[in-house]
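Asks: turn this into a model:
(chains A and B)
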Amino acid sequence: MSMPFYVPPEQQMKDRADYARRNIARGRPVIVLAYDNGIAFVAENASRSLHKISEIYDRMAFGAAGRYNEFENLRVAGVRYADLRGYSYDRSDVTARGLANAYAQILGNVFTQDSKPMEVELAVAEVGATPEQDQIYRLTYDGSVADEQGFVVMGGQADTISSGMQERWRPGLTLSAALTLAVEMLGRDSTNGADRALTPDRLEVAVLDRARPRRAFRRLGGQLLEALLAPDDPTTDVPSSDDSRPGAHDTLTGEQAPPSPVNPVPQAGDPVSTEPDQEPGHPGNDAGGAGA
Amino acid sequence: MTADPFREGRLPEAFFAPGNSSFTDFLAAHAEHLLPGRNLPAGAVMPELPHSTTIVAATFDGGVVMGGDRRATMGNYIAHREMEKVYPADDYSAVGISGTVGPAIEMVRLFQVELEHYEKIEGTLMSLEGKANRLATMLRGNLPLAMQGLAVVPLYAGYDLDRNVGRIFSYDVSGARYEEHGYHSTGSGSLFAKGSLKKRWRPGLTADETVGVVLESLQDAADDDSATGGSDVGRRIYPVLVVVTAQGYRRLSQDETEAAFQAVVARNAEGGSAR
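Replies: Alright, predicted model coming up:
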């Protein structure tokens, strides 16, 4: 009968941690950062359908770096956790802290008990009524949770980008300033020194917009994202109304659909207008045309 | 080392089951006690329970209007005079409930979560047909309760984004789904409401005209059915009226409903018809 070699627990944990860290560092980075009217998520992702950033609940979203199948599984579990909690209690009883704790338990248990740790890093963010009430949690492969102030960087070159963010990020940035900063940081390459300029089509960007009444999560794309990233464009924040195009309203592109003959939308003008909605403000809690 | 990496985690396995985007199925697997429609003990005698009554829906070019009165009755008592019976199921559909209030509200709540859950997990909207079928499945789950007297009969209406029309679906307690063309009504006052709609509704009405027709049919139902509440001008309690179009679900505000009500009153005072 063969005896397994004795491996000291320190060594065992270190091997697992090294394994997870190495594989996470191979992925593209993801940045979550607070801005004056919400929380922004920015990732380099050429895919339009395999998301690294997703909605979890009304005021909560999720960003992940690492192995897709593992964090997708965690995302679905998070949506189920949040919907179950909201259904059995009330929508206001679903909190990012609760979800972060649940994730920490899973990651921690897998790290200590399974043959292989999860090769993922997660951020769970909840937008509050004021910037002070915003919450951003960072979860790592071993189940440790950190309550971060302002921003979280995950994935490859996280340390380099983090120190850059430390210098440049400050509270109260506008959305366009925050996105410009994040995109510049994502393009930073410490390995060969040459910075890359990331174009909007290689980016996955989403926000939790404080001013939206219930579901705060919106992906950003199209002209709106280009306008927010352009240095000479006056657009500084997302418009308060969703795209008028019928269908899912999870993405803001700033494009206007032709006015409908039934319920004309007041601001819908030229159907081929290339001008994005340049209304940066959020006048009160306007539910985007929905009557009380 | 276990075969399942999540067995030792804090969340049970059902949270990680792949390939399922239904919240109802998830509840059935993980938290069955939260599903509506659990069996009552055999031979249980139901006490008098609040019932909600008349729901009306009518289509127009580009959408659909749904309205519901505000009265809940308990035998010959009025249990509640400002009940809401029409709810948004999601951005593009409305569900109205008639029947026993308790299980009906629970069903609507679950239906709302079901649709949003699917939307989040799949990243797309469910088709209107799909949504109508999900509601039928839920209703079928309520059949044991219905047989013991806790029947729920919803009316479902929405804007079909694939066909660009408003559509109406009615149900019976066994979960059968019927697509209705033009208009439909359920609940105790539905006979009178349907009679009213039959004469006043026609294809080609505008959204505003359809709102007027729906409101008037509810008035007619309240006229002849004691369980349907009319407009209460003194307390400013009017039927709930919603319009679903390509722009989404929109509930008419108090002022808009009041104006629509005044228009119906004025029309009838002139002796003219809704046309």
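Asks: got the contact list for residue B:168?
Replies: The contact partners of residue B:168, by C-beta atoms under 8 Å, 6 or more residues apart in numbering or on different chains, come to B:57-59, B:64, B:155-157, B:179-181, B:183-184. Backbone N, C-alpha and C define where each C-beta goes, glycine included.
Asks: which residue does the stretch 151-275 of chain B bring closest to chain A?
Replies: Chain A sits closest to residue B:246 of the stretch 151-275 of chain B, with a gap of 4.1 Å, by C-beta to the nearest C-beta.
Asks: element containing the nearest residue in space to that residue that is not next to it in sequence, please.
Replies: Of all residues not flanking residue B:246 in the chain, residue A:246 sits nearest, at 4.1 Å (C-beta to C-beta, 6 or more residues apart in numbering or on different chains). Here residue A:246 is covered by no helix or strand, with elements defined by DSSP states H and E.
Asks: helices along the chain, start to end?
Replies: All of this is about chain A. Assigned helices in chain A, in chain order: A:9-25, A:68-88, A:96-113, A:158-168, A:175-186, A:222-229 (criterion: DSSP state H).
Asks: actually it's chain B I care about, not the one you picked
Replies: So, for chain B - with DSSP H - the helices run B:23-30, B:101-122, B:128-141, B:143-147, B:190-200, B:207-224, B:254-270.
Asks: only alpha carbons, please: show the third one as CSV.
Replies: Once side chains and other backbone atoms are set aside, the C-alpha atoms of helix B:128-141 remain, and they are given as CSV (Å, rounded to 0.1, in the frame of the first residue of the first chain):
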residue,chain,number,x,y,z
LEU,B,128,-45.3,37.0,-25.6
GLU,B,129,-46.5,33.5,-26.4
GLY,B,130,-43.9,32.2,-24.0
LYS,B,131,-45.1,34.5,-21.3
ALA,B,132,-48.7,33.5,-21.9
ASN,B,133,-47.7,29.9,-21.7
ARG,B,134,-45.8,30.4,-18.4
LEU,B,135,-48.9,31.9,-16.9
ALA,B,136,-50.9,28.9,-18.0
THR,B,137,-48.5,26.6,-16.3
MET,B,138,-48.7,28.6,-13.1
LEU,B,139,-52.5,28.4,-13.3
ARG,B,140,-52.3,24.7,-13.7
GLY,B,141,-50.3,24.5,-10.5
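Asks: ok, and what's touching that helix?
Replies: For helix B:128-141, contacts defined as C-beta under 8 Å, 6+ apart pick out B:22, B:24, B:35-37, B:89-90, B:92-93, B:95, B:107, B:110-111, B:114-115, B:126, B:152, B:154, B:156, B:158-162, B:167, B:169, B:171, B:173-177, B:179.
Asks: quick check: buried residues in it?
Replies: Neighbour-count burial for helix B:128-141 flags B:128-129, B:131-132, B:134-136, B:138-139, B:141 (criterion: 16 or more other C-beta atoms under 10 Å in any protein chain shown).
Asks: what of the shortest one?
Replies: Buried residues in helix B:143-147, defined by neighbour count with 16+ other C-beta under 10 Å: B:145-146.
Asks: quick one: distance of it to the chain centre.
Replies: 19 Å (C-alpha atoms, centre = their mean, to the nearest Å).
Asks: would you check that the residue of the stretch 151-275 of chain B closest to chain A makes contact with residue B:63?
Replies: Yes - applying C-beta atoms under 8 Å as the test, residue B:246 and residue B:63 come out as touching, 7.3 Å apart.
Asks: show me which of these two is the more surrounded one.
Replies: Shown here are residue B:246 and residue B:63; by other C-beta atoms under 10 Å in any protein chain shown, residue B:63 has more neighbours (26 against 22).
Asks: distance of that one from residue A:3?
Replies: Using C-beta to C-beta, to the nearest Å, we find residue B:63 at a distance of 75 Å from residue A:3.
Asks: what sits against the residue nearest to residue B:246?
Replies: Residue A:246 neighbours (C-beta under 8 Å, 6+ apart): A:257, B:92, B:159, B:161, B:246-248.
Asks: now stretch A:86-95: mean pLDDT?
Replies: Computed over stretch A:86-95, the mean pLDDT rounds to 94.
Asks: re earlier: how about the buried residues of helix B:128-141 in TSV, adding pLDDT?
Replies: Below are those laid out as TSV (pLDDT from 0 to 100):
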residue	pLDDT
B:128	96
B:129	96
B:131	96
B:132	97
B:134	95
B:135	95
B:136	95
B:138	91
B:139	91
B:141	86
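Asks: looking at those, which one is closest to residue B:76?
Replies: Nearest to residue B:76 among the buried residues of helix B:128-141 is residue B:139, at 28.0 Å by C-beta to C-beta.
Asks: near chain A, which residues of the stretch 1-150 of chain B?
Replies: Residues of the stretch 1-150 of chain B lying near chain A by C-beta under 8 Å from any C-beta of the partner chain: B:1-2, B:5-6, B:8-11, B:14-16, B:18, B:23, B:26-27, B:30-31, B:34, B:60-63, B:91-92, B:109-110, B:113, B:116-117, B:119-121, B:123-125.
Asks: report the central residue of the chain.
Replies: Looking at chain A here, since you left the chain open. Centroid check for chain A by C-alpha atoms, centre = their mean gives residue A:41 as the closest residue, at 3.2 Å.
Asks: the intended chain is chain B.
Replies: For chain B, by C-alpha atoms, centre = their mean, the most central residue is residue B:96; offset 1.8 Å.
Asks: so what sits opposite that one in the bridge?
Replies: residue B:86, residue B:155 (DSSP bridges).
Asks: contacts only, for it.
Replies: Taking C-beta under 8 Å, 6+ apart as the test, what residue B:96 contacts is B:55, B:57, B:66, B:68, B:85-87, B:154-157, B:186.
Asks: let's see it at 6 Å
Replies: B:55, B:66, B:68, B:85-86, B:155 (C-beta atoms under 6 Å, 6 or more residues apart in numbering or on different chains).
Asks: pLDDT at residue 156, what is it?
Replies: Answering for chain A, as no chain was given. 85.
Asks: meant chain B, my bad for not saying
Replies: pLDDT, residue B:156: 97.
Asks: neighbours of it, just the number please.
Replies: 28.
Asks: tell me the pLDDT at residue 149?
Replies: Here I'm looking at chain A. Looking at residue A:149, the pLDDT reads 91.
Asks: you answered for a different chain; I wanted chain B.
Replies: Reported pLDDT for residue B:149: 82.
Asks: now the phi/psi pair for it, please.
Replies: Note on residue B:149: its backbone torsions stand at phi 100, psi 0 [degrees, to the nearest 10].
Asks: next, count neighbours for it.
Replies: 12.
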